[in-house]
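Student: Need coordinates for the following:
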Amino acid sequence: MNPVVDILVACVVLLSIVCIGKLCNTVKICGVSLGCIWILFVGLLVGQTGIAINQEVSAIVKEYGLSIFIFEIGLEVGPKLFGKQNGKNWLISVLAIVLIALGGFVAVIIGKIGDIDL
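Tutor: Numbering: from 1, shown residues only. Here you go, the predicted model:
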């Protein structure tokens, strides 16, 4: 098949999963909504149907899909998280960022010492 068609099919499948997941976001079970987790559930369900996507395009779509999922979580949780920040909680946020950066730095150092491709 044509590579452009493969990419378009993968994008249509991915965007359909996101749209259906967002529509399911309105469903509440015992008064609780699962939020953007519905996108993950719909993606798992579609993955079990056996829809075939070109293997070369599949790797790109997986990364792109994960990025969209993480972005959606940020959109949903971000305003709630930063809305509750007051004067002293900024220190916790700065320490969290420093800890993440330190973890990345340590991972790179261990990779260099152990001759591991990152």
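Student: which residues does G43 contact?
Tutor: 17, 21, 65, 69 (CB atoms under 8 Å, 6 or more residues apart in numbering). Where you see a C-beta, it was placed from the backbone N, CA and C, and this is true even at glycine.
Student: quick one, phi/psi of I29?
Tutor: phi -110, psi 120 (degrees, to the nearest 10).
Student: Just flag the most distant two among the contacts of G43.
Tutor: The span of the contacts of G43, defined through CB to CB, is set by G21 and G65 at 10.9 Å.
Student: Helices of the chain, residue ranges please.
Tutor: 3-24, 37-48, 55-83, 89-113 (DSSP state H).
Student: Average pLDDT for the first one, rounded please.
Tutor: Okay, so that is helix 3-24. Taken as a whole, helix 3-24 has a mean pLDDT of 84.
Student: can I get the CA coordinates of that helix in PDB?
Tutor: The C-alpha coordinates for helix 3-24 follow below in PDB (Å, rounded to 0.1, in the frame of the first residue of the first chain):
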ATOM      1  CA  PRO A   3       3.000   5.000   2.600                       C
ATOM      2  CA  VAL A   4       0.800   8.200   2.600                       C
ATOM      3  CA  VAL A   5      -2.300   6.000   2.800                       C
ATOM      4  CA  ASP A   6      -0.700   4.000   5.600                       C
ATOM      5  CA  ILE A   7      -0.100   7.200   7.600                       C
ATOM      6  CA  LEU A   8      -3.600   8.500   7.000                       C
ATOM      7  CA  VAL A   9      -5.200   5.300   8.100                       C
ATOM      8  CA  ALA A  10      -3.100   5.200  11.300                       C
ATOM      9  CA  CYS A  11      -4.000   8.900  12.000                       C
ATOM     10  CA  VAL A  12      -7.700   8.200  11.400                       C
ATOM     11  CA  VAL A  13      -7.600   5.200  13.800                       C
ATOM     12  CA  LEU A  14      -5.700   7.200  16.500                       C
ATOM     13  CA  LEU A  15      -7.900  10.200  16.300                       C
ATOM     14  CA  SER A  16     -11.000   8.000  16.300                       C
ATOM     15  CA  ILE A  17      -9.700   6.400  19.500                       C
ATOM     16  CA  VAL A  18      -9.100   9.800  21.100                       C
ATOM     17  CA  CYS A  19     -12.600  11.100  20.000                       C
ATOM     18  CA  ILE A  20     -14.400   8.000  21.300                       C
ATOM     19  CA  GLY A  21     -12.500   8.100  24.500                       C
ATOM     20  CA  LYS A  22     -13.400  11.800  25.000                       C
ATOM     21  CA  LEU A  23     -17.000  11.000  24.300                       C
ATOM     22  CA  CYS A  24     -16.900   8.300  27.000                       C
END
